[in-house]
Structure formats: C-alpha cells, structure tokens
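Visitor: how would this look folded up:
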Amino acid sequence: MNSEQILLENAKEFANQAKKAAKDHSYNSAVTLLFKAIAVISDLFILKREGFIPKNHTERFLLLKSKYPEIYKILNKDFPVYQQSYKIKLNKEYADVLENDLKRIASITEVNI
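Guide: The predicted structure follows:
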C-alpha cells in the first residue's frame, strides 16, 4: 500500500470505530477517534496537494492556516475538544459536532470515507 491508501484506510478505520464508540455512549473515545479521522483526512489532502505528510500537529496547522483556511478553521475549532477528551467527560453533543465536521472535511477535501 502507498501512503495515500494507508491514510485513507486509517481515516476510515477511525471513523468506523468512532461510530461504534458513540453507539456505546463512549463519547470520549468517539471524539478522539473522530478528530483523528479529521486529522488524517487533512494529512491526505496535504499529501495530494503538497506532496508530503505533516510531521505533527504544529506543521499541519501552520500549513492549513496559511494555504487552506477553510480546513484550518474546522481543525482549530475541534482541537481543543480533542485535548479536553483526556481531562473531562464528553457527551453526545461533542461527538455530534465532530461527526458533522468530519463530513464537512471529507466534502471539502473530496475524500470518500
């Protein structure tokens, strides 16, 4: 498998596992997995457009902010929720927001998950 295929498969896996977690009312897990899917789709988009995969969150955010602000705004809004998933108990509303943002990112980047 090449890098694009790996990223796509990882995004699908995270999204599918997030659905299962949300169904089980494991919203912290669902939010974490949804954000990972969003980040991986962003990385896939960057790979296709820029020819590389960002090394970390910082590199991803800086590139998206400067070149793809529509995607950056979504990630920037969701990142604090992802970080909070380690510290607080999240609920269905948080998972729903990230699920909708995953759909928006997939639409913007034309990635079919």
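Visitor: pLDDT at the residue nearest to the spatial centre of the chain, what is it?
Guide: Per Cα atoms, centre = their mean, the C-alpha nearest to the average position across the chain is that of Ile38, at 1.3 Å. Listed pLDDT for Ile38 reads 98.
Visitor: can you list the buried residues in the helix or strand containing it?
Guide: Secondary-structure assignment from DSSP states H and E places Ile38 in helix 27-50. Neighbour-count burial for helix 27-50 flags 27-47 (criterion: 16 or more other Cβ atoms under 10 Å). Quick note: C-beta positions are derived from backbone N, CA and C, even for glycine.
Visitor: not counting sequence-adjacent ones, nearest residue to Arg104?
Guide: Leaving aside its sequence neighbours, Arg104 sits nearest to Ile74 (Cβ to Cβ, 6 or more residues apart in numbering; 6.2 Å).
Visitor: got a list of what the one you found touches?
Guide: By Cβ atoms under 8 Å, 6 or more residues apart in numbering, the residues touching Ile74 are Ile38, Asp101, Arg104, Ile105.
Visitor: run the chain-centre distance for the very next helix or strand once past the helix holding Ile38.
Guide: Remark: after helix 27-50, the chain's next helix or strand is helix 57-67, criterion DSSP H and E. For helix 57-67, the separation from the chain centroid amounts to 14 Å (computed by Cα atoms, centre = their mean, to the nearest Å).
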